[in-house]
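Asker: Pasted the sequence and its predicted model underneath.
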Amino acid sequence: MAAAAEDDATWDRAISAATKATSAPKILTLDAAVKSSTGRLLSAALIGRFAASLQEFSVTGAALSSLMGLPCLPTLWRLSFPDNRLSGPAALAAVAEACGATLRHHDLGNNSFAEVEELAPLTRVGVELLDLYQCPVTKVKGLKHLDGADAEGNERLEMDDDEDDEEDNEKGDEREGWGEVQLLAFSIADELFMRSKLFRSLLADSLDGFLPLAIGFRRANPLPPPTTSAALLRKATVQALERWHHLFGAHYRQLRLAVEYLKESARVQFSGLRATVDARAAHETRMQEIYAGKVEQLRENLASIKAEIRSTIDEIRNGLEIICAEHKKVEGYYVDDEEEIASLLMRSIRTASLMAGEWVPETQENEAVFDALREAHRLLVSNHLVTVQEWITVLVRDHCSELGLDLDNFHMR
């Protein structure tokens, strides 16, 4: 019971991460997210809450040996359980009972179904596409005809043997040199992946079809000849995946799941992945410490910084008030009688002064005040403004939210 409860808790966390708080998901993908210690599927209550909306459900590499308890899923049309330990008619009977009326695509690749009789429950449902890749029931080596007919019901003729040999030779000739083509195509894809965000998004959604062609981890789809090109392609793909995972793994969940699947299920060796993950964790820890130190320094120095900025602003305000007051005194002392302004030049100077409005000229009397204003302005722009911008950069980083920093405590009063 304890193991089952622990499994359910792990399943629940995986579902929360996959649905991202969506209450009615149409697609639920739990590939390589859970390793069941009991071999059973998640409880009916966990998956049953999405029964009305769920259309596609996938659980890959979870070590499942039973599907008992699968709830009724009336809208499900695609169900995938590859790379598990399922076998026997009981598992498929549970599928037929839960979603037999709507199920059209069922993926059971790399499970343990060994006899055709085990698939009998699926005869009662409307499955149009059944994937049994790498299941023992399909491993009849070299079988092309059964009971004198091929898979399409065509009767086998004596000349078929010679024709098959010729077709195999032609296919071999056609595939010769494809390895160089795929290697070149992958190099182009790698370059685009590093440069284009749109291409990264598109390729991340198509990794399930892209990676078998680039790594060749499925026996049914080996890498094309020549052997040297195939080896180079596989090596380049593994190295590129390590680099992609290091640079973009935090932003693309499909990429993380693909790397995890290749490690656990396909047994692909990523020699530098552990070192990359450790280096990233060390870097994040170090940056977190730096940001925490800067925030603590801001807490300690904020009061003095505010006082210095306020003092500079007050100095500028007082200087402007002094200049304006002196200018108004001089401006108010003029002869209002037009007749006394006989000179046309003096009249023009007076009119220009009145039109200048708030513009205050610098004179010998106010030269000291202007110098003080210029110095205060320089200090405000080159020192205080730079300091404020640096602190804003620190405060808006995501790391500061993890420190519990209350930005309301830092607004200027």
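Answerer: Cool, the structure landed.
Asker: quick one, helices of the stretch 51-200 of the chain?
Answerer: Listed in chain order, the helices of the stretch 51-200 of the chain (DSSP state H, counting those that start in this stretch) span 89-99, 160-175, 178-195, 197-204.
Asker: what's the answer for the stretch 301-413 of the chain, then?
Answerer: Using DSSP H, counting those that start in this stretch, helices in the stretch 301-413 of the chain cover 344-355, 367-379, 385-395, 398-402.
Asker: Quickly, which of those bottoms out on average pLDDT?
Answerer: Comparing mean pLDDT over the helices of the stretch 301-413 of the chain, the weakest stretch is helix 398-402, at a mean of 46.
Asker: helix/strand/coil for the residue lying closest to D205 once chain neighbours are set aside?
Answerer: Nearest residue to D205, sequence neighbours excluded (C-beta to C-beta, 6 or more residues apart in numbering): Q254, at 6.6 Å. Backbone N, C-alpha and C define where each C-beta goes, glycine included. Assigned state for Q254: helix (three-state reduction, DSSP: H, G, I helix; E, B strand; the rest coil).
Asker: Any figure for the gap between Q254 and S87?
Answerer: The gap separating Q254 from S87 is 29 Å, by C-beta to C-beta, to the nearest Å.
Asker: More neighbours: which of these two?
Answerer: S87 (20 against 16; other C-beta atoms under 10 Å).
Asker: what residues are up against D83?
Answerer: Contacts for D83 (C-beta atoms under 8 Å, 6 or more residues apart in numbering) come out as T60, G61, G109, N110, N111, Y261, S265.
Asker: In terms of distance to L320, which of the residues you listed ranks first?
Answerer: Y261 (68.6 Å; C-beta to C-beta).
Asker: tell me which element that closest one is part of?
Answerer: Y261 is part of helix 253-264 when elements are defined by DSSP states H and E.
Asker: What helices and strands are in contact with that helix?
Answerer: Contacts defined by 3 or more C-beta pairs under 8 Å, 6 or more residues apart in numbering; DSSP states H and E place helix 253-264 against helix 207-215, helix 227-248.
Asker: would you turn those into a markdown table with distance to A98, mean pLDDT and mean neighbour count?
Answerer: Listed next are those as a markdown table, based on distance: least, C-beta to C-beta, whole Å; pLDDT from 0 to 100; neighbours: other C-beta atoms under 10 Å:
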| stretch | distance to A98 | mean pLDDT | mean neighbour count |
| --- | --- | --- | --- |
| helix 207-215 | 24 | 87 | 17 |
| helix 227-248 | 35 | 86 | 17 |
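Asker: among those, which is nearest L198?
Answerer: Per C-beta to C-beta, nearest to L198 of these: helix 227-248, 13.1 Å.
Asker: Check which helices and strands that closest one is in contact with.
Answerer: helix 178-195, helix 207-215, helix 253-264, helix 273-332.
Asker: how about those, which one is nearest T19?
Answerer: Short answer: helix 253-264, nearest of the helices and strands packed on helix 227-248 by C-beta to C-beta, at 12.1 Å.
Asker: and that closest one with helix 197-204, angle?
Answerer: For helix 253-264 against helix 197-204, the angle by axes from the mean of the first three to the mean of the last three C-alpha atoms, to 10 degrees is 40 degrees.
Asker: Go ahead and name everything in contact with helix 253-264.
Answerer: Against helix 253-264 from outside (C-beta under 8 Å, 6+ apart): 29, 31-33, 60-61, 83, 204-205, 207-208, 211, 215, 217, 241, 244-245, 248-249, 268, 270, 273.
Asker: likewise stretch 123-130?
Answerer: Contacts of stretch 123-130 (C-beta under 8 Å, 6+ apart): 95-96, 99-106, 108, 119, 122.
Asker: Quick check: of these, which has the highest neighbour count?
Answerer: Using other C-beta under 10 Å as the neighbour test, the contacts of stretch 123-130 are led by L108, with 27 neighbours.
Asker: Quick check: phi and psi at that residue.
Answerer: Dihedral pair for L108: phi -120, psi 30, per degrees, to the nearest 10.
Asker: Quick one, grab the pLDDT at G126.
Answerer: 82.
Asker: and if you look at the one 4 residues further on?
Answerer: You'll see L130 listed with a pLDDT of 85.
Asker: List the beta-bridge partners for it.
Answerer: Taking DSSP bridges, one finds H106 as the beta-bridge partners of L130.
Asker: Return the distance of it relative to G109.
Answerer: From L130 to G109 the distance is 10 Å (C-beta to C-beta).
Asker: Neighbour count for these two, which is higher?
Answerer: More crowded of L130 and G109, by other C-beta under 10 Å: G109, with 19 against 12.
Asker: OK, contacts around that one?
Answerer: G109 sits in contact with P82, D83, D131, L132, Y133, Q134, C135, where contact means C-beta under 8 Å, 6+ apart.
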